[in-house]
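[1] Sequence and predicted structure are below.
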Amino acid sequence: MIILASGSPRRRELLTLLGLPFEVISSDADESTPPGLTPAEIVRSLALRKAEAVLPSAGERAAVIVGSDTIVVLGNQVLGKPADKQDSRDMLQLLQGRTHQVYTGVACIGLPEGKTVVEHRVTSVTMRAMSMDEISAYIATGEPADKAGSYAIQGLGATLVERIEGCYFNVVGLPLSLLGEMLSGFGISVLGRQRSY
Ligand SMILES: Cc1cn([C@H]2C[C@H](O)[C@@H](COP(=O)(O)OP(=O)(O)OP(=O)(O)O)O2)c(=O)[nH]c1=O
């Protein structure tokens, strides 16, 4: 059994694609990080924190807990989810016409023994140039509200993205090829459907 430690509907949909049974336990882990961490360290530590936050609810059963965190990085600026519409405007102004990196960290904790594996992936995303009016119109759709970097590549935001390099699913919040590899290290085979959990 897999336990997805996430409140994100996107992650739920992505995990469904693997065709494995799973349960969702929403984690309300603190998402603040100390200053000075690299983007990789940020997403790895938050993914692990989210997975660890559901440990008390997971009980004694054999299961793999999966936690994940996604951020958008442009140069030395780290963009998480926007605080409000102005924040979204600032983020999209920064991202339009440029290439940024999307980092997603994934943490797996195997129960009951507690084996822990943490990995991350990076995808480069090039966004087309946008006018202020286009940015305002996109924000008015409501789509940017709960997304890192204020866009959703899987939604209307697809029309803003010119090119990506790397895993598409990493941008949406759960890199499925990485997760498949990690799960096989816990005896869960996505393709062969052999499960020891
Ligand atoms: C860049 C990008 C991000 N996102 C989303 C994925 C994540 O849900 C969100 C980043 O925020 P996260 O803090 O990674 O995740 P979350 O708070 O939504 O969910 P939880 O912590 O409970 O797992 O941004 C998209 O859906 N599409 C995109 O194109």
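    Arrived safely, thanks for sending.
[2] Residue 71 reaches residue 45, doesn't it?
    No. Checked against CB atoms under 8 Å, the pair residue 71 and residue 45 is beyond contact range at 11.4 Å. Where you see a C-beta, it was placed from the backbone N, CA and C, and this is true even at glycine.
[3] quick one: pLDDT of residue 12?
    pLDDT for residue 12: 97.
[4] Surely it forms part of a helix?
    Yes. Assessed with DSSP: H, G, I helix; E, B strand; the rest coil, residue 12 lies in a helix.
[5] Might one say that it is in contact with residue 5?
    No. Applying CB under 8 Å as the test, residue 12 and residue 5 come out as separate, 11.4 Å apart.
[6] These two: which is more packed in?
    Shown here are residue 12 and residue 5; by other CB atoms under 10 Å, residue 5 has more neighbours (26 against 14).
[7] Report the contact partners of that one.
    Shown in contact with residue 5 (CB atoms under 8 Å, 6 or more residues apart in numbering): 25-27, 50-51, 53-54, 65-67.
[8] taking the residues you listed one by one, which sit in strands?
    Secondary structure of the contacts of residue 5 is defined by DSSP state E; positions in strands are 65-67.
[9] quick one, phi psi at residue 111?
    Backbone torsions of residue 111, given as degrees, to the nearest 10, read phi -110, psi 150.
[10] what's near enough to touch it?
    58, 60-65.
[11] Going through those residues, which ones are buried?
    Using 16 or more other CB atoms under 10 Å as the burial test, those include 58, 63-65 as buried.
[12] List the residue ranges of this protein that fall below the pLDDT cut-off.
    193-197 (pLDDT under 70).
[13] 90 instead, please
    27-32, 58-61, 189-197 (pLDDT under 90).
[14] most centrally placed residue in it?
    residue 173 (2.7 Å; CA atoms, centre = their mean).
[15] one step back: can you select the buried ones among the contacts of residue 5 for me in PyMOL?
    Buried subset of these, written as a PyMOL selection, criterion 16+ other CB under 10 Å:
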select buried, resi 25+27+50+51+53+54+65+66+67
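[16] need the contacts of residue 5 in JSON lines with distance to residue 107, can you?
    Putting the contacts of residue 5 into JSON lines (distance: CB to CB, whole Å) gives the following:
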{"residue": "25", "distance to residue 107": "14"}
{"residue": "26", "distance to residue 107": "16"}
{"residue": "27", "distance to residue 107": "11"}
{"residue": "50", "distance to residue 107": "7"}
{"residue": "51", "distance to residue 107": "4"}
{"residue": "53", "distance to residue 107": "11"}
{"residue": "54", "distance to residue 107": "11"}
{"residue": "65", "distance to residue 107": "8"}
{"residue": "66", "distance to residue 107": "7"}
{"residue": "67", "distance to residue 107": "5"}
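[17] near the ligand too, which of the contacts of residue 5?
    Checking the contacts of residue 5 against the ligand by CB under 6 Å from any ligand atom, the ones in range are residue 50.
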